[in-house]
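Student: Fold the following, please.
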Amino acid sequence: MSAWPMVALGEVCKVVSGGTPKTTESSYWDGDIPWATPKDLSSLKGNYIDKPARFITAEGLKSSSAVMLPPNSVLLSSRAPIGLLAINTTAMATNQGFKSLIPDRARIEPHYLVEALKFRLPDLLNQGNGATFKEVSKAAVERFQIPFPPLSAQRRIAQKLEASRRALRAAEVQVEELRNIIEEIAYSNSGQSAEMHALNDILTRPLRNGVSPSAKGKYAGTVLTLSAITGGHFREFARKNGFFDVPPLSKARVEDGSLLICRGNGNRRLVGIGALARPEFRDLIFPDTMIEARFDASRVRPELVPHLWNSGVVQRQIQGRAKTTNGTYKVSQADLRDIRFPVPSLETQGKLAAIVRQIERVEADMQARLSLSGTLFDALQYRAFRGEL
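Tutor: Here you go, the predicted model:
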């Protein structure tokens with residue numbers, strides 16, 4: 001895998017766990033010690049964290065198993081979910097959802113450490129154990145190996161990968177800005193004239209859940225993964241092969257024009273995001289992590305459905321209904337049935353559709369560029385850890 005020798009994290013870092021002071025003891029909270037949780041890392045745009053949402057007191061730190069991490073440590077979430085990473089710019093503590101790394105700066109650079117862990121993240125995820133939710137143990141983190149080039153090569157790799165990552169983020173920001181423009185135009189044109197309807201009133205059939213792959217199933221099928229929809233646009237090739245206990249096509253065939261909705265994953269802000277399945281796909285299945293909605297095309301133009309669904313007015317309702325189960329936010333069919341959905345007049349919809357088509361052409365071009373940037377980054381990352389940079 002790598003031209004560089006491999007080293008166990010425990011040989012070049014001190015691995016420490018976190019802890020939580022007693023929540024009912026007010027003297028332990030709202031002090032001056034930053035205290036991070038995995039949720040703080042889930043919303044980061046880059047590799048750094050300087051100010052988490054909560055703070056504890058010195059007394060709270062002493063009462064718990066939390067440890068003060070010096071600046072330039074690497075925070076690694078070890079459960080719910082595994083693999084979130086950040087470098088702390090100020091001294092801070094964490095809860096027990098971390099196995100943080102205090103690097104030996106004479107041997108390893110924290111910025112390189114983050115990139116190496118991202119490179120080997122699929123292997124790290126396989127180290128997780130647990131029935132209710134997966135967790136990586138301190139011992140497993142200490143044993144986990146990463147490529148180990150000299151310090152000079154570490155700095156060069158980290159700099160090149162971070163520069164490429166910044167370019168990728170800039171492209172993502174441009175795409176997001178275009179999506180915001182679509183929503184802004186839609187609502188500035190529809191204004192208060194958009195009537196709000198109960199979701200069930202504008203569907204042609206009841207909501208449907210997908211089907212779950214089975215380890216012992218006898219029916220083969222090709223099923224979408226969540227990444228097919230969580231970008232707000234349908235990605236037909238985000239799929240995998242699996243086996244099912246029941247014939248899956250009779251239960252959850254992907255149909256052209258259906259809105260596929262994310263029921264839940266490790267990132268709360270993605271819960272409820274929808275994408276329109278198009279064009280028609282044969283023998284493709286949507287999983288039980290998605291809900292399908294079929295809108296009445298005589299009431300809402302199909303091309304407007306995903307933009308209206310992913311707008312703030314709908315997503316805020318969904319976020320208010322999302323529930324947490326084993327650390328994962330989810331929504332159910334029952335949560336969605338009484339969502340109030342904006343339906344502009346048909347005349348306004350016609351005007352909006354023309355505008356949306358123009359903007360989507362621009363956005364499609366941006367998505368192509370973004371995809372190319374991602375491919376180039378993957379290639380750069382591969383070369384870096386083979387010792388070719």
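Student: Next up, the contacts around A198.
Tutor: Applying C-beta atoms under 8 Å, 6 or more residues apart in numbering, one finds that A198 lies in contact with 337-341. For glycine as for every other residue, the C-beta is placed from the backbone atoms N, C-alpha and C.
Student: would you list every one of the helices in the stretch 51-200 of the chain?
Tutor: Assigned by DSSP state H, counting those that start in this stretch, the helices in the stretch 51-200 of the chain fall at 58-63, 110-119, 121-125, 138-143, 151-190.
Student: could you give the mean pLDDT of the second one?
Tutor: The reference is to helix 110-119. Averaging pLDDT along helix 110-119 gives 91.
Student: which secondary structure elements does that helix contact?
Tutor: On a contact count with 3 or more C-beta pairs under 8 Å, 6 or more residues apart in numbering; DSSP states H and E, helix 110-119 meets strand 74-78, strand 82-88, strand 99-103, strand 145-147, helix 151-190, helix 346-384.
Student: Swap in 7 Å and give it another go.
Tutor: Helix 110-119 sits against strand 74-78, strand 82-88, strand 99-103, strand 145-147, helix 151-190, with contacts defined as 3 or more C-beta pairs under 7 Å, 6 or more residues apart in numbering; DSSP states H and E.
Student: Contacts for it, please.
Tutor: 47, 72, 74, 76, 85, 87, 101, 103, 124, 146-147, 154, 157-158, 161-162, 381, 385 (C-beta atoms under 7 Å, 6 or more residues apart in numbering).
Student: Now, of the residues you listed, which are buried?
Tutor: 47, 72, 74, 76, 85, 87, 101, 103, 124, 146-147, 154, 157-158, 161-162, 381, 385 (16 or more other C-beta atoms under 10 Å).
Student: Setting aside sequence neighbours, what's the nearest residue to Q145?
Tutor: M6 (4.2 Å; C-beta to C-beta, 6 or more residues apart in numbering).
Student: For A354, see how far away the spatially most distant residue from the centre of the chain is.
Tutor: In the chain, the residue that sits farthest from the middle, by C-alpha atoms, centre = their mean, is E347; the gap is 36.7 Å. Between E347 and A354 the computed distance is 12 Å (C-beta to C-beta, to the nearest Å).
Student: leaving aside the residues next to it on the chain, what's closest to S137?
Tutor: Nearest one to S137, counting by C-beta to C-beta, 6+ apart, is N129 at 7.2 Å.
Student: ok, that neighbour to I202 distance?
Tutor: N129 is 45 Å from I202, by C-beta to C-beta.
Student: Of these two, which one has the most company?
Tutor: With neighbours defined as other C-beta atoms under 10 Å, N129 and I202 compare such that I202 has more, 17 against 10.
Student: Can you report phi and psi for the closest residue to the more buried one other than its chain neighbours?
Tutor: Leaving aside its chain neighbours, I202 sits nearest to R299 (4.9 Å; criterion: C-beta to C-beta, 6+ apart). Per-residue torsions, R299: phi -100, psi -40 (degrees, to the nearest 10).
Student: likewise N209?
Tutor: According to degrees, to the nearest 10, N209 has phi -90, psi 150.
Student: State the distance from it to R278.
Tutor: Separation of N209 from R278 (C-beta to C-beta): 21 Å.
Student: what about D30, neighbour count?
Tutor: 11.
Student: Not counting sequence-adjacent ones, nearest residue to it?
Tutor: Per C-beta to C-beta, 6+ apart, closest to D30 is F55, 6.1 Å.
Student: quick one: contacts for the nearest residue to P302 once chain neighbours are set aside?
Tutor: Nearest residue to P302 in three dimensions, chain neighbours excluded: G257, at 5.3 Å (C-beta to C-beta, 6+ apart). Residues near G257 by C-beta under 7 Å, 6+ apart: 276-278, 302.
Student: switch to 8 Å and redo it
Tutor: G257 is in contact with 276-278, 294-295, 297, 302, counting by C-beta under 8 Å, 6+ apart.
Student: will you turn the helices of the stretch 51-200 of the chain into CSV that also has distance to T20?
Tutor: Converted to CSV, the helices of the stretch 51-200 of the chain look like this (distance: least, C-beta to C-beta, whole Å):
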stretch, distance to T20
helix 58-63, 9
helix 110-119, 24
helix 121-125, 23
helix 138-143, 16
helix 151-190, 32
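Student: Okay then, goodbye and thanks.
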